[in-house]
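**Student:** turn this into a model:
(one chain, ligands or ions: 1)
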Amino acid sequence: MDHSDLQAIIAEHAGRKGALLPMLHAVQKAYGCITPEAEAAIAEALNLSRAEVHGVVSFYHDFTPAHDPRPVVELCRAEACKARGVEALVPAAEAAAGGRVNLKAVYCLGLCSVGPNARVGDELFAGLNEARLVELVQSA
Ligand code: FES
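**Tutor:** Numbers count the residues shown, from 1 in each chain. Next comes the predicted model:
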């Protein structure tokens, strides 16, 4: 992690109200993780304790403590997608993912009426059935 880039991200958000979450998202996006060093720098910049920052990092599924190089498939497991049958698709998706793909649960992708839904990178996939989800995981 290049420290000057991290400081630039911190400086960009530091003066704003409610800076912590946007700052964490920006660091996660830039580095693929939020390391203990980044947590410490953010805590210092926002005048928070490291424990407070770490608590937020560990609470949200969006933040990861170490870079995971595997491709990510985000599968919505929130209520509307549950009602539309996502849980029945999970075992096949997990089997297809094995250790190669990071199959991540997310909670609402904003397409509730057409679930089950998933996201790969910036692309959304709606109305998944087992075969389409398995194909998505295999091609990730
Ligand atoms: S609940 Fe799955 S997209 Fe909203």
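**Student:** list of residues touching the host helix or strand of A95?
**Tutor:** For A95, the element it lies in under DSSP states H and E is helix 86-97. Applying C-beta atoms under 8 Å, 6 or more residues apart in numbering, the contact partners of helix 86-97 are 73, 75-77, 103, 115-116, 128-130, 133-134, 137-138. Every C-beta, even on glycine, is put in place using the N, C-alpha and C of the backbone.
**Student:** which parts of it are buried?
**Tutor:** When burial is assessed from 16 or more other C-beta atoms under 10 Å, helix 86-97 yields the following buried residues: V86, L89, V90, A93, A96, A97.
**Student:** and which of the residues you listed is nearest to the ligand?
**Tutor:** V86 (7.4 Å; C-beta to the nearest ligand atom).
**Student:** may I see the ChimeraX selection of the buried members of the contacts of helix 86-97?
**Tutor:** The following ChimeraX line selects those of the contacts of helix 86-97 that are buried, judged by 16+ other C-beta under 10 Å:
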select :73,75,76,77,103,115,116,128,130,133,134,137
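**Student:** residues of this structure that sit close to the ligand?
**Tutor:** Neighbours of the ligand within the chain, by C-beta under 6 Å from any ligand atom: C76, A78, E79, A80, C81, C108, L109, G110, L111, C112, G115, N117.
**Student:** make a ChimeraX selection of the buried ones in these.
**Tutor:** Entered in ChimeraX, the line below selects the buried ones among those, by 16+ other C-beta under 10 Å:
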select :76,78,80,81,109,111,112,115,117
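**Student:** closest to L6 out of the residues of the chain next to the ligand?
**Tutor:** L109 (28.9 Å; C-beta to C-beta).
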